[in-house]
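Q: Give me a model of this one.
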Amino acid sequence: MTQPPPTERRNPRTAAIDTLESGDVLRLLLDEDARAVEAARAAAGPLARAVDEAHLRLGRGGSVHYFGAGASGRLAVLDATEITPTFGVARDLFTAHFAGGPAALTDSSVDREDAEELGAADAGTLGESSVAIGITASGSTRYVAGALRAARAAGALTVLVTCNPDAPLRELAEISVVADTGPEALTGSTRLKAGTATKVLLNAFSTALMIKAGRTYGNLMVGLVATNAKLGERAVSLLVEATGEDAAACRAALAEAGGRIPDALVRLLTGCPPEQARAALEAHPGVRAAVAALSRPSPLGHAG
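A: Okay, here's the model as predicted:
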């Protein structure tokens, strides 16, 4: 009989969980989640390589594509959805492809994770500058297999995020990011530890990639899109924190910049006019790079 993957095995630490009081049940569940975070931490090396390789692809005009089903795929959708409001990038920079599409996303009775041909079709538009990330706790989801195989044939960077060290799909990925979470608190319920590790890894990947792309200034989210009053005030507070200027000056700079935080920040840090700040950011992506370019003395010609 074939041995099941670690995520499907029975956990001896929680074998009697149904006999415990609520506090002890919660302690066991949270202890297992803590183990999941440590498992994700142990995968930092290959995850860093994925960030660096993805950064090169994005620099050539590429984009990131997540492929998943079930809990893993839903976590990928969550991560991709949050990128634009957090970092102010185009909505198609990160795309989450879910087995079965929107109908399956909200209705777990629509199960297309075995549809390998569907994964291949969803990856059909990828090219050499694309990044394909397959997400599967067991490392064997056929939808993900189809997507990674098609992506690899197209020359895309292929990455597998899994909780199974012996994942069958590792052979389809250039980079394998493995969080060895072991058996779940409830046997086979990979929305628990595997889900926790997957969310940690995806959050870390996308955030590190955007930091590398210059979409933050220190630990400040200078790319955030102020779509409501609360975020508008957060933008002003961010500028105050970054520059030391008062709120009135920051609000005025933000208005002059058309609400674009990076433009306002470069203007406040250098004293340059808004149009010069904008031009510097277009030529040198990232606030630090733009400020450094504006701070360099212009070369002067000397008469002979």
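Q: From here on, just use CA atoms for contacts and neighbour counts.
A: OK.
Q: in the host helix or strand of Glu233, what's buried?
A: Counting by DSSP states H and E, the element that carries Glu233 is helix 229-243. Using 16 or more other C-alpha atoms under 10 Å as the test for burial, helix 229-243 gives 232, 235-240, 242.
Q: will you turn those into JSON lines that also has distance to Gly223 and pLDDT?
A: Shown next, in JSON lines, are those (distance: C-alpha to C-alpha, whole Å; pLDDT from 0 to 100):
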{"residue": "Gly232", "distance to Gly223": "12", "pLDDT": "87"}
{"residue": "Ala235", "distance to Gly223": "9", "pLDDT": "92"}
{"residue": "Val236", "distance to Gly223": "13", "pLDDT": "94"}
{"residue": "Ser237", "distance to Gly223": "14", "pLDDT": "95"}
{"residue": "Leu238", "distance to Gly223": "11", "pLDDT": "94"}
{"residue": "Leu239", "distance to Gly223": "12", "pLDDT": "96"}
{"residue": "Val240", "distance to Gly223": "15", "pLDDT": "96"}
{"residue": "Ala242", "distance to Gly223": "13", "pLDDT": "95"}
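Q: CA atoms of the helix holding Glu233 as CSV?
A: Listed next in CSV are the C-alpha coordinates belonging to helix 229-243 (Å, rounded to 0.1, in the frame of the first residue of the first chain):
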residue,chain,number,x,y,z
ALA,A,229,-11.1,58.3,3.7
LYS,A,230,-9.3,56.0,6.2
LEU,A,231,-6.6,55.2,3.6
GLY,A,232,-6.4,58.9,2.6
GLU,A,233,-5.4,59.7,6.2
ARG,A,234,-3.0,56.8,6.3
ALA,A,235,-1.3,58.2,3.3
VAL,A,236,-0.9,61.6,5.0
SER,A,237,0.4,59.9,8.2
LEU,A,238,2.8,57.9,6.1
LEU,A,239,4.3,61.0,4.5
VAL,A,240,4.6,62.7,8.0
GLU,A,241,6.4,59.6,9.3
ALA,A,242,8.8,59.4,6.3
THR,A,243,9.7,63.1,6.0
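Q: helices or strands next to it in the packing?
A: Packing partners of helix 229-243 (3 or more C-alpha pairs under 8 Å, 6 or more residues apart in numbering; DSSP states H and E): helix 247-256, helix 261-270.
Q: Among the buried residues of helix 229-243, give me the pair with the biggest separation.
A: The distance between the two most remote of those (C-alpha to C-alpha) is 15.6 Å, for Gly232 and Ala242.
Q: thinking again about what came up before, deepest-packed of the helices and strands packed on helix 229-243, please.
A: helix 261-270 (a mean of 24; mean count of other C-alpha atoms under 10 Å).
Q: Pull the CA coordinates from the helix or strand following that one and hand them back as CSV.
A: With elements assigned by DSSP H and E, the helix or strand that comes after helix 261-270 is helix 274-283. Extracted as CSV, the C-alpha positions of helix 274-283 are listed here (Å, rounded to 0.1, in the frame of the first residue of the first chain):
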residue,chain,number,x,y,z
PRO,A,274,6.1,67.6,-8.8
GLU,A,275,6.8,67.0,-12.4
GLN,A,276,10.5,66.4,-11.7
ALA,A,277,9.6,63.9,-9.0
ARG,A,278,7.4,62.0,-11.4
ALA,A,279,10.1,61.9,-14.1
ALA,A,280,12.7,60.7,-11.6
LEU,A,281,10.4,57.8,-10.5
GLU,A,282,9.7,56.8,-14.1
ALA,A,283,13.4,56.7,-14.8
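Q: Give me the angle between helix 274-283 and helix 247-256.
A: Counting by axes from the mean of the first three to the mean of the last three C-alpha atoms, to 10 degrees, helix 274-283 lies at 70 degrees to helix 247-256.
Q: which SS state does the nearest residue to Ala283 once chain neighbours are set aside fall under?
A: Excluding the flanking residues, the one nearest Ala283 by C-alpha to C-alpha, 6 or more residues apart in numbering is Ala290, at 7.6 Å. Secondary structure, DSSP: H, G, I helix; E, B strand; the rest coil: Ala290 is helix.
Q: got a list of what Ala290 touches?
A: Listed by C-alpha atoms under 8 Å, 6 or more residues apart in numbering, the contact set of Ala290 reads 266, 277, 280-281, 283-284.
Q: Repeat that for Cys163.
A: Shown in contact with Cys163 (C-alpha under 8 Å, 6+ apart): 6-7, 136-139, 178-182, 194.
Q: which one of those is nearest Leu93?
A: Thr136 (21.5 Å).
Q: among the helices and strands packed on helix 229-243, which is nearest Val37?
A: Per C-alpha to C-alpha, nearest to Val37 of those: helix 261-270, 32.9 Å.
Q: contacts for the closest one?
A: With C-alpha under 8 Å, 6+ apart as the contact definition, helix 261-270 has outside contacts at 222-224, 235, 239, 242-243, 250, 253-254, 256-257, 272-274, 277-278, 281, 286-287, 290-291, 294-295.
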